[in-house]
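[1] I would like the atomic coordinates for the input below:
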Amino acid sequence: MSHNVFLKLSKVGQSHSSGVFTFLPVTVGQNVTLNCSFVNDIRAKLYWFKQSLDNTQTMASSYFDKKEFLNEFTNNRRFSLDIENGKINLGMTNVQISDSAVYHCICCVAHQIQFLATSLNVQAKVYQPPYEDAEEGRTMILNCSVHTGSCGEQPRVHWFKQSEESTPGVLYSHGGGDGDRCENSMDRPTNSCVYSLPIRNMSSEQTGTYYCAVTACGQVLFGNGTTVMIKGFYIFWLAVKKLKKS
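    Numbers count the residues shown, from 1 in each chain. Now for the predicted structure:
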């Protein structure tokens, strides 16, 4: 069974550049190149950062006068850095599930970095109920509530599943849902949307923690996840031993 790897690319640079956000669904074992352009006539430090799905950030590479890989990327032949004609591209071969992350391309000039991706100052929030009990064989609906503040852009939602069989901390793509609905009000500037994921013919194989990832107005946000369990009976045995009189 093949699994998809979730990659997101963001570009961070000077004010004359524009922020770029790209989602790349990649199948395990494939090769992929993350492209990033910069102004070639300035002397800048260039970095690639990896932001894992648990929001841990790791510097992957740096470039000033020479290429350098750091941390888990050091001496790893799966990764390459191609720099020419105003581009610094991060290449990955034989992509693994552990590569799922947000990758940031950063250009630093005179120790100043401008994060264009967050300049919109959108106060977005994602909410998921922590637990849901399901009945075996029935259909259940998972909901993800999204509040994008004053941002009018329609959010894009992706669902991921983590189970006991998966690598800890890694989320697997679980497709999209239907039944989405949005609520807008003139007296309430907050744009509220509820996105639903139906799980049909519920079984023990479908238990686990489901996450929704939301992209809107230059941001990517993950819900805290909803843990799905099958309703059942729990039997506790109490053993009583009669003590002999001395």
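[2] I'd like to know how far residue 156 sits from residue 105.
    21 Å (CB to CB, to the nearest Å). C-betas here are computed from N, CA, C, even on glycine.
[3] Dump the one helix or strand residue 157 maps to to CSV, keeping only the CA atoms.
    Assigned by DSSP states H and E, residue 157 belongs to strand 156-162. Taking Å, rounded to 0.1, in the frame of the first residue of the first chain, the C-alpha atoms of strand 156-162 are listed here in CSV:
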residue,chain,number,x,y,z
ARG,A,156,-8.4,24.6,1.8
VAL,A,157,-8.6,21.7,4.2
HIS,A,158,-6.7,18.4,4.1
TRP,A,159,-7.3,15.5,6.5
PHE,A,160,-4.6,13.2,7.9
LYS,A,161,-4.7,10.1,10.0
GLN,A,162,-2.3,8.8,12.6
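[4] Tell me which other helices or strands it touches.
    Strand 156-162 makes packing contacts with strand 140-147, strand 172-173, strand 208-216 when contacts are defined by 3 or more CB pairs under 8 Å, 6 or more residues apart in numbering; DSSP states H and E.
[5] again, 6 Å this time
    strand 172-173, strand 208-216 (3 or more CB pairs under 6 Å, 6 or more residues apart in numbering; DSSP states H and E).
[6] tilt between it and strand 208-216?
    Put simply, strand 156-162 runs at 160 degrees to strand 208-216, going by axes from the mean of the first three to the mean of the last three CA atoms, to 10 degrees.
[7] rewinding a little: between residue 156 and residue 105, which is the more surrounded one?
    residue 105 (24 against 13; other CB atoms under 10 Å).
[8] where in this protein is pLDDT low?
    Scanning the chain for pLDDT under 70 picks out 1-25, 39-43, 53-55, 109-125, 148-153, 163-191, 216-220, 232-246.
[9] how is it carved up into domains?
    Domain assignment for the chain by automatic domain parsing gives 4-118, 125-230.
[10] if I look at residue 214, how far off is residue 154?
    11 Å.
[11] Kindly report the same for residue 129.
    23 Å.
[12] Of those two, which one has the most company?
    The neighbour comparison of residue 129 against residue 154 (other CB under 10 Å) goes to residue 129, with 14 against 11.
[13] Which helix or which strand is home to the more buried one?
    With DSSP H and E as the test, residue 129 turns up in no helix or strand.
[14] Done for today, thanks.
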